[in-house]
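Colleague: only geometry, no sequence info:
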DNA sequence: GGATAAATGGTAAACGTTTTCCATGCGTAA
DNA sequence: TTACGCATGGAAAACGTTTACCATTTATCC
């Protein structure tokens, strides 16, 4: 059965006005056809008047637009999309939407998208590859024109990615950008927007070293993510550059969560020699870490210095306030959306690989070593 | 010009296999038609085999499914949606996605939706009515089957809402539910899911009173939101029930943000008599408030007790840990999605107006009065 | 005034599905 | 054998747009 019932039969009535009322109030459908009929013109003209205004006379344009407005005509975008092969949807695949940093990125992303007439279908992958693929299907099944993904791999089966016959859909890789070295030629071409995680982590480590710390523990994010690998590389780089000993047992593999910061800090406190500083790869972990330290009666930064990463909203309001790396959240989101839309609409694009500046923000949680 | 170029002409070639390769690799299109052609059957059979399996023989079913799998056929959901008038999209309109509480709701909402085969189009309204309406249009223009909205009014122009001829689309009102008294009959029928904000705030206030506080300042959320009004009513209720004096100058109108908590706390500290407790209508404000109090050298809860609302992730990790009202975030999101989908799919629905339980969580930021 | 070009609006073919009919073939019962 | 019903698959109509292609009118220029 087709979902829409057949057009309702109207009783014959001499009262034309009455009929019209019936028509207006009973007819559940108001398409371009009805609008055209109402105006006594062809549907082509209606379509043109609404979406291709200089193709029709000024008079027609105004008449149609007025009627559309008055009767409340809404374009059926499904039909339009089918015909034009453009949906004006983009899908954003995020590992964890409730993460404060991600939420900020998404928010500005959506704002930029809506300004260009696009809506965002968002999918929380929960770090699960199968889910990523499911969201990737949304573009393959024409529900979206392109995809922004936060994981290191495009949300398509590698079988497809490797096949030359598979036209890569418009996509942008955000934040979690794989090291280009490990990629096949095809994947190397995928546009991305990120910060230089390695440099940022290196800078942050250097900051701690400058304050006299030489034994710096690390609480990482999810170990298989590029951001974690890159940040770790940055840490190592600074340790080496300063001729400090790189102690592998000071590196604790965690996840980007508060809980991870808590539990790994407990591990750190079990060490024979407690390090004088802890570098956390996200602010949430740092907050968890500081909580545990305080619980154990340690002062920050006097006993242990703590640094975070991301500069989420709460970093400035923790006790003590948190030294961290600020990412240009707003800009990342906005640029991702705009870049993707440029690609979809085949605009001239200056750059497809963008590394945005980060900033070391020094607050109370780190200070010159005092023991 | 139609976006798809005309079918590419193949050179005549004796080598059938070669041709097939060309076909496979050059043809950018693989629709149901091509699949049917490939199998030498009608498109009707393909469609049935894939989506209406008991309508065809087992043999056909398997043959088609195997081929679809092998060739990587993806249904064009646009066409399907157009035909069936179902998009499997729902739009969620949120005033602020980067708000930790909202983000949690949305996350579980999306999870529930995806499990039932729906995707979420989300829109951040930034509290702006015009934006809300724009997102509401997504369902009117058939891009989504229903809408979940976090504001007190449905995202449709009141002209439409009041008109009997406008069939209300499937919708669910989440968290910010208007007082039914102020609504027209039609709006009264809108399903909602929320907690009892009034009771919760009353309970929280009572908790403070029980600890000996009699002058309790309030930092509200956005004053025109139902949640703020209801929480304020709850506050008043408890103040009155305990025969305390209701001092209007202790009520500070803010927004649901950290900054609001900060700046209004500064105002509070300018009072002649500083109240002994501050009730904040969201945890973020409470965090801001505590930050300012500490900045001014006051101890929490000894000098001033602070309570929040929502029990966001960080409430447990602030210093001191925050007394607050826990909302069943996970459940709210999940139930919203499921209720809306039930409505869309016209399932039997037990309840359309759901009030979920909240819970008072007592932590360190409130304690018996000590001055 | 006639030829040509530009502006305008209509007709109808797509877009890729789903589903209503219908035709066929086959098994079963009378 | 006839009749009937059921299982199966095909043809074709719809879903609501956009747009290529025409046909007509109007303006312009000699």
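Modeller: Received, thanks. These numbers were taken from a predicted model, which means no experiment stands behind them.
Colleague: show me which residues of stretch A:140-154 are buried.
Modeller: For stretch A:140-154, a neighbour-count test (16 or more other Cβ atoms under 10 Å in any protein chain shown) marks A:140, A:142-154 as buried. C-beta here means a position set from N, CA and C on the backbone, and glycine is covered the same way.
Colleague: need the residue closest to the centroid of chain A.
Modeller: Taking Cα atoms, centre = their mean, the centroid of chain A lies closest to residue A:106, which sits 4.4 Å from it.
Colleague: next, it: secondary structure please.
Modeller: helix (DSSP: H, G, I helix; E, B strand; the rest coil).
Colleague: list the contacts for it?
Modeller: Contact analysis of residue A:106 by Cβ atoms under 8 Å, 6 or more residues apart in numbering or on different chains lists A:92, A:94, A:97, A:120, A:122, A:333, B:97-98.
Colleague: now with 10 Å, please.
Modeller: For residue A:106, the contacting residues are A:92, A:94, A:97, A:99, A:120, A:122, A:148, A:150, A:174, A:329, A:333, A:336-337, B:97-98, B:103, B:106, B:122, B:124, by Cβ atoms under 10 Å, 6 or more residues apart in numbering or on different chains.
Colleague: helices of chain A, start to end?
Modeller: A:16-26, A:32-39, A:43-51, A:58-71, A:77-84, A:100-115, A:129-140, A:158-162, A:185-188, A:197-210, A:226-241, A:258-269, A:283-295, A:329-344 (DSSP state H).
Colleague: what about the closest residue to residue A:288 other than its chain neighbours, neighbour count?
Modeller: Distances taken as Cβ to Cβ, 6 or more residues apart in numbering or on different chains place residue A:261 nearest to residue A:288, at 2.8 Å, with adjacent residues excluded. By other Cβ atoms under 10 Å in any protein chain shown, the residues close to residue A:261 number 32.
Colleague: residue A:261 reaches residue A:306, doesn't it?
Modeller: Yes. Between residue A:261 and residue A:306 a contact is recorded at 9.1 Å, counting by Cβ atoms under 10 Å.
Colleague: and the closest residue to residue A:143 other than its chain neighbours, how many neighbours does it have?
Modeller: Nearest-residue entry for residue A:143: residue B:77, 5.1 Å, with adjacent residues in sequence omitted and distances by Cβ to Cβ, 6+ apart. The tally of other residues near residue B:77 (other Cβ under 10 Å) stands at 24.
Colleague: can you list the residues of chain A near DNA strand C?
Modeller: A:1-2, A:41-45, A:54-60, A:79, A:82-83, A:85 (Cβ under 7 Å from any atom of the strand).
Colleague: near chain B, which of the residues you listed show up?
Modeller: A:2, A:79, A:82-83, A:85 (Cβ under 10 Å from any Cβ of the partner chain).
Colleague: restricted to buried residues, select those in ChimeraX.
Modeller: In ChimeraX syntax, the buried subset of these is picked out as below (16+ other Cβ under 10 Å):
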select /A:79,82
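Colleague: got TSV for the ones next to chain B among the residues of chain A next to DNA strand C, with pLDDT and distance to DNA strand D too?
Modeller: TSV is the format used below for those (pLDDT from 0 to 100; distance: Cβ to the nearest atom of the strand, whole Å):
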residue	pLDDT	distance to DNA strand D
A:2	46	6
A:79	97	3
A:82	97	5
A:83	96	4
A:85	95	9
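Colleague: for the ones next to chain B among the residues of chain A next to DNA strand C, which one is nearest residue A:346?
Modeller: Nearest to residue A:346 among those, counting by Cβ to Cβ, is residue A:85 at 13.0 Å.
Colleague: how close does the closest one get to residue B:221?
Modeller: Noted for residue A:85: a distance of 44 Å to residue B:221, by Cβ to Cβ, to the nearest Å.
Colleague: now swap in residue A:165 and tell me
Modeller: Applying Cβ to Cβ to residue A:165 and residue B:221 gives a distance of 54 Å.
Colleague: got any ranges where chain A has weak pLDDT?
Modeller: Residue ranges of chain A with pLDDT under 70: A:1-28, A:371.
Colleague: near DNA strand D, which residues of it?
Modeller: A:2, A:4, A:29, A:31-33, A:43-44, A:47-48, A:50-52, A:75-76, A:78-80, A:82-84.
Colleague: make a PyMOL selection of the buried ones in those residues.
Modeller: Entered in PyMOL, the line below selects the buried ones among the residues of chain A next to DNA strand D, by 16+ other Cβ under 10 Å:
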select buried, chain A and resi 32+47+48+50+75+76+78+79+80+82
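Colleague: tell me how many other residues crowd whichever residue of the stretch 151-300 of chain A sits closest to DNA strand D.
Modeller: Ranking the residues of the stretch 151-300 of chain A by distance to DNA strand D (Cβ to the nearest atom of the strand) places residue A:170 first, at 18.6 Å. By the criterion of other Cβ under 10 Å, residue A:170 has 20 neighbours.
Colleague: same thing with residue A:217?
Modeller: Using other Cβ under 10 Å: residue A:217 sits among 26 other residues.
Colleague: my read: it touches residue A:268, true?
Modeller: Yes. Residue A:217 is within contact range of residue A:268, at 5.1 Å (criterion: Cβ under 10 Å).
Colleague: overlap of the contact sets of those two?
Modeller: A:250, A:252, A:274-275, A:278, A:289, A:304.
Colleague: from the residues you listed, pick the one nearest DNA strand C.
Modeller: For the shared contacts of residue A:217 and residue A:268, the nearest to DNA strand C is residue A:252 (49.5 Å; Cβ to the nearest atom of the strand).
Colleague: the closest one is in contact with residue A:268, isn't it?
Modeller: Yes. Between residue A:252 and residue A:268 a contact is recorded at 6.7 Å, counting by Cβ under 10 Å.
Colleague: need the overlap of contacts for the two.
Modeller: Joint contacts of residue A:252 and residue A:268 (Cβ under 10 Å, 6+ apart) are A:217-219, A:278.
Colleague: same list (the residues you listed) but as JSON lines, adding distance to residue A:347.
Modeller: Converted to JSON lines, those look like this (distance: Cβ to Cβ, whole Å):
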{"residue": "A:217", "distance to residue A:347": "47"}
{"residue": "A:218", "distance to residue A:347": "41"}
{"residue": "A:219", "distance to residue A:347": "42"}
{"residue": "A:278", "distance to residue A:347": "45"}
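Colleague: among those residues, which lie within strands?
Modeller: Those of these mapping onto strands are A:217-219, A:278, per DSSP state E.
Colleague: now do the end-to-end distance for stretch A:165-174.
Modeller: End-to-end distance for stretch A:165-174, by Cα to Cα, to the nearest Å: 25 Å.
Colleague: can you give me the buried ones in it?
Modeller: A:166, A:169-174.
Colleague: which of those lies closest to residue B:64?
Modeller: Among the buried residues of stretch A:165-174, and counting by Cβ to Cβ, the member closest to residue B:64 is residue A:166, at 21.9 Å.
Colleague: leaving out chain neighbours, which residue sits closest to the closest one?
Modeller: residue A:160 (4.4 Å).
Colleague: do residue A:247 as well
Modeller: Using Cβ to Cβ, 6+ apart and skipping residues adjacent in sequence, the residue nearest residue A:247 is residue A:215, 7.0 Å away.
Colleague: residue in the stretch 151-300 of chain A nearest to DNA strand C?
Modeller: Counting by Cβ to the nearest atom of the strand, the stretch 151-300 of chain A gets nearest DNA strand C through residue A:167, at 13.6 Å.
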